[in-house]
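>>> Provided below are the primary sequence and the corresponding predicted coordinates.
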Amino acid sequence: MFSCVHWLQPFLALLSSTLITWGYNCPSSCLCPDHHTVDCAGQGLTRLPDSIPLDVRRLLLSDNWIPWIPSDFLVLYSDLVYLDLRNNSLTRLEPGTLSTSSRLVYLDLGSNNLTEIPSGTFGESRSLIKLRLGNNPHLSMVGEDAFSGLTSLRELELERNALSGLDVGVLNQLPSLRVLRLEGNPWICNCNFAKLFLWLMENRQKLPNGLEGMECSLPVDGRRVSLSMLSEDSFRECRGMLTLTDYLIVIFSGICISVAAIIASFFLASTIHCFQRWSKANRTDEEEGDD
Ligand SMILES: *[C@@H]1O[C@H](CO)[C@@H](O)[C@H](O)[C@H]1NC(C)=O
Ligand SMILES: *[C@@H]1O[C@H](CO)[C@@H](O)[C@H](O)[C@H]1NC(C)=O
């Protein structure tokens, strides 16, 4: 009986795959050149197409007008490896959209209208190798932990956005990073930028065009200077400079220590006082007892 089931298995598998092929429906106005590819590029779509096959691996949606993707999109399409949403109308990513997609390798969100990449956006996407976020002209904020968890990411594109600064911690969270594009952003060469500048000097080989084409504007007069004209020395005024937060921490810990000292001495004084009164009372009691 069991051997019979065993023997039938390949046939059953063949039968079910044939049935799936028959039932395989390609969304209207899309092309499905092979079993795992759905190509809806440049179809004037204003939302995600209905009935995308659940086992899709390559989904091409570029050059449309799609304004958002639901946060459970990648839960539903958990086999997705390649997702191209280039040149759409995305303004934000729902928190958690990408955190469960463990198979995604390539994600293109370039040429959209994203304004920020909040911390934790790409949570658990450990397979992600290439992430394109360039040409989002209003993208001015990248959260401190925006790319944490992207342990396999090799290529990150953030070119031609509206970034005036970027925390180097964001880049230090990417152990596999080989290619980084940052050109065409309106960097401001202040002391915050100094850290990024040092990182860029040390990681020049990761920039496809080196420092060429990268500029920052001077905080004083807004004049733009090419990064290749700057050196570590250009930022020497920033060395040993404390930020406002550092000052606040110093002041706050000073206050805390003083308050703690006052409370402690008050407590000590009261304890001693109590003890003295108690022993005095005890002594009087004893004396009275003796009498
Ligand atoms: C972006 O998509 C629109 C709409 O399909 C298209 O007209 C335009 O040429 C695309 N832009 C680029 C740069 O591909
Ligand atoms: C993109 O976003 C900005 C700021 O949120 C908005 O002012 C602009 O109109 C948007 N552009 C498009 C093409 O949707």
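Here it is on my side, so go on. Ligands and ions are numbered 1, 2, ... in the order given.

>>> ranges for the helices of the stretch 101-250 of the chain?
All helices of the stretch 101-250 of the chain, identified by DSSP state H, counting those that start in this stretch, fall at 168-172, 191-202, 244-290.

>>> export those helices to a markdown table and tack on distance to ligand 1 and mean neighbour count?
Using the backbone N, CA and C atoms, a C-beta is placed for each residue, glycine as well. As requested, these are exported to a markdown table (distance: least, CB to the nearest ligand atom, whole Å; neighbours: other CB atoms under 10 Å):
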| stretch | distance to ligand 1 | mean neighbour count |
| --- | --- | --- |
| helix 168-172 | 27 | 16 |
| helix 191-202 | 28 | 17 |
| helix 244-290 | 41 | 10 |
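
>>> Once you drop chain neighbours, what's closest to the closest residue to ligand 2 within the stretch 151-291 of the chain?
Closest to ligand 2 within the stretch 151-291 of the chain is Ala162: 9.6 Å, counting by CB to the nearest ligand atom. Leaving aside its sequence neighbours, Ala162 sits nearest to Ser140 (CB to CB, 6 or more residues apart in numbering; 4.2 Å).

>>> doesn't Asn161 make contact with the one you found?
Yes: contact criterion CB atoms under 8 Å: Ser140 and Asn161 qualify, at 7.3 Å.

>>> And the residue of this structure closest to ligand 2?
For the chain, CB to the nearest ligand atom, closest residue to ligand 2: Asn113, 3.7 Å.

>>> quick one: which helix or strand includes the closest residue to that residue other than its chain neighbours?
Closest residue to Asn113 apart from its sequence neighbours, by CB to CB, 6+ apart: Thr91 at 5.0 Å. Assessed by DSSP states H and E, Thr91 sits outside every helix and strand.

>>> and the gap between Thr91 and Asn136?
Applying CB to CB, to the nearest Å, the value for Thr91 to Asn136 is 9 Å.

>>> cool, and Ser62?
14 Å.

>>> wait, what's in contact with Thr37?
Shown in contact with Thr37 (CB atoms under 8 Å, 6 or more residues apart in numbering): 56-60.

>>> okay, the helices of the stretch 101-250 of the chain in TSV with distance to Arg236 and mean pLDDT next?
Shown next, in TSV, are the helices of the stretch 101-250 of the chain (distance: least, CB to CB, whole Å; pLDDT from 0 to 100):
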stretch	distance to Arg236	mean pLDDT
helix 168-172	18	95
helix 191-202	9	94
helix 244-290	19	71
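
>>> Save those helices as CSV, and put in distance to Asp39 too.
Putting those into CSV (distance: least, CB to CB, whole Å) gives the following:
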stretch, distance to Asp39
helix 168-172, 33
helix 191-202, 37
helix 244-290, 49
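
>>> So which of those helices is nearest Val225?
helix 191-202 (11.4 Å; CB to CB).

>>> burial of the closest residue to Cys30 other than its chain neighbours, as a residue count?
Excluding the flanking residues, the one nearest Cys30 by CB to CB, 6+ apart is Cys40, at 4.0 Å. Counted by other CB atoms under 10 Å, the residues lying close to Cys40 total 25.

>>> give the contact list for Cys40.
So Cys40 contacts 27, 29-31, 49, 59-61, 64 (CB under 8 Å, 6+ apart).

>>> Go again with 6 Å.
30, 49, 61 (CB atoms under 6 Å, 6 or more residues apart in numbering).

>>> What of Asn161?
Asn161 neighbours (CB under 6 Å, 6+ apart): 136, 139, 185.

>>> can you pull the contacts of Leu150?
By CB under 6 Å, 6+ apart, the residues touching Leu150 are 122, 128.

>>> Oops, could you answer that again for Leu227 instead?
Leu227 neighbours (CB under 6 Å, 6+ apart): 211, 214.
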